[in-house]
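> Pasted the sequence and its predicted model underneath.
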Amino acid sequence: MKYGIVSIVGKPNVGKSTLLNNIFEREVVISSNKPQTTRNMIEISYDSIEDCVINFIDTPGLHNPKNKLDLFLNSQVKASLKKSDLVLFLFDLSRDFDSEDEECLKVLKDFNCNNVVLVLNKRDLKSEEEIKNAKQSISKMFDFTNVLEINSKSKEDVSVLLNTIKEHIKEYEGEKKDLELLKKEVSDKFFVSELIREIIINSFRQEIPYGVAILIDEMKYEQDKNLLTIVYSIIVEKESQKPIIIGKGGSMIKKINISLRERLSDIYDCKIFTNSYVKVKKDWRNNETQIKELGYKK
């Protein structure tokens with residue numbers, strides 16, 4: 001039996017969360033085409049390969065910090081590297097290699113990561129010659145354990161990736177019952193809060209999504225009514241953002257709740273009731289106490 005902790009690392013908006021969802025063949029983490037969608041170090045176990053358990057860690061994209069929340073996000077990436085047995089450095093072939101990619105490799109070197117697989121994603125969008133050139137140029141910058149070219153939407157390519165991971169992690173030497181204790185799951189409360197944030201990210205433009213956090217005030221299931229009740233607060237950092245989230249006549253908050261109920265009804269086989277509030281915590285992204293209160297803890 002093999003076991004390993006595997007971090008997926010790369011610059012913002014490179015497709016780390018999408019890759020993880022494709023591995024699990026369901027939405028286990030939120031994804032968006034906007035940077036900084038992932039805010040927490042999310043660890044979740046995959047055990048669908050024979051004689052193997054992989055604890056994947058989805059990390060925020062490494063980026064130049066602009067506030068204390070950004071510093072927290074970068075610290076999450078570095079914390080994941082400390083505990084990882086293997087690192088997947090994800091590169092999007094449809095984008096240029098830039099200073100953010102260089103910074104990722106620098107961090108990997110600084111942490112003496114010596115078991116790193118370069119994963120070149122979106123191979124279907126590039127010619128063989130272009131992929132070869134990218135592989136050669138990036139491989140000169142770091143001593144990778146292995147290099148893979150994949151299309152993360154391809155089940156065959158994902159299978160190759162999973163088998164490669166299995167090759168590069170160690171045998172588990174403990175008792176099988178102890179291995180069960182090492183498995184990780186994303187809690188329902190955390191998943192719902194992230195789902196709400198994804199809906200907001202995809203519903204608003206410019207700075208609004210980046211100044212938003214979600215607090216689940218109540219989440220309970222009443223078996224006799226087959227009813228899941230979710231009460232939550234949308235936290236914004238400026239008074240001017242509150243009416244934008246609410247919308248004219250409550251139109252936007254209504255749209256958010258309808259989308260949430262529709263998404264949850266695909267997951268939970270029950271009736272869904274949601275109630276939401278919009279609250280202002282001024283400049284919370286620069287307030288360490290509020291950052292922790294909102295669930296962003298090291």
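Received the coordinates, thanks.

> residues of the one helix or strand residue 231 maps to that come out buried?
Assigned by DSSP states H and E, residue 231 belongs to strand 227-236. Using 16 or more other C-beta atoms under 10 Å as the burial criterion, the residues of strand 227-236 that qualify are 228, 230, 232-236. Every C-beta, even on glycine, is put in place using the N, C-alpha and C of the backbone.

> A helix includes residue 21, no?
Yes - Residue 21 sits within a helix when classified using DSSP: H, G, I helix; E, B strand; the rest coil.

> what pLDDT does it get?
Listed pLDDT for residue 21 reads 92.

> which non-adjacent residue is nearest it?
Closest residue in space to residue 21, ignoring its immediate chain neighbours: residue 27 at 5.3 Å, by C-beta to C-beta, 6 or more residues apart in numbering.

> export the buried residues of strand 227-236 to CSV and tack on pLDDT?
Shown next, in CSV, are the buried residues of strand 227-236 (pLDDT from 0 to 100):
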residue, pLDDT
228, 97
230, 98
232, 98
233, 98
234, 98
235, 97
236, 96
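
> Dump those to a markdown table, plus distance to residue 69.
As requested, these are exported to a markdown table (distance: C-beta to C-beta, whole Å):
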| residue | distance to residue 69 |
| --- | --- |
| 228 | 30 |
| 230 | 24 |
| 232 | 19 |
| 233 | 17 |
| 234 | 16 |
| 235 | 12 |
| 236 | 14 |
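
> Among those residues, which one lies nearest to residue 191?
Distances from residue 191 to the buried residues of strand 227-236, taken as C-beta to C-beta, are shortest for residue 230 (11.3 Å).

> who touches the closest one in this structure?
Counting by C-beta atoms under 8 Å, 6 or more residues apart in numbering, residue 230 makes contact with 192, 216, 218-219, 260, 264, 272-275.

> and which of those residues is nearest to residue 202?
Taking C-beta to C-beta as the measure, residue 202 sits nearest to residue 260 out of those, at 12.1 Å.

> hang on, isn't that closest one packed against residue 196?
Yes - with contact defined as C-beta atoms under 8 Å, residue 260 reaches residue 196; the gap is 6.0 Å.

> Look at these two and report which has more neighbours.
Ranked by neighbour count (other C-beta atoms under 10 Å), residue 260 and residue 196 place residue 196 first, with 27 against 21.

> ok, and the closest non-adjacent residue to the more buried one?
Counting by C-beta to C-beta, 6+ apart, the residue nearest residue 196 is residue 214, at 4.9 Å.

> Adjacent strands (with direction) for the helix or strand harbouring residue 57?
Using DSSP H and E, residue 57 maps to strand 52-58. According to DSSP bridges, strand 52-58 forms sheet pairs with strand 2-9 (parallel), strand 42-49 (antiparallel).
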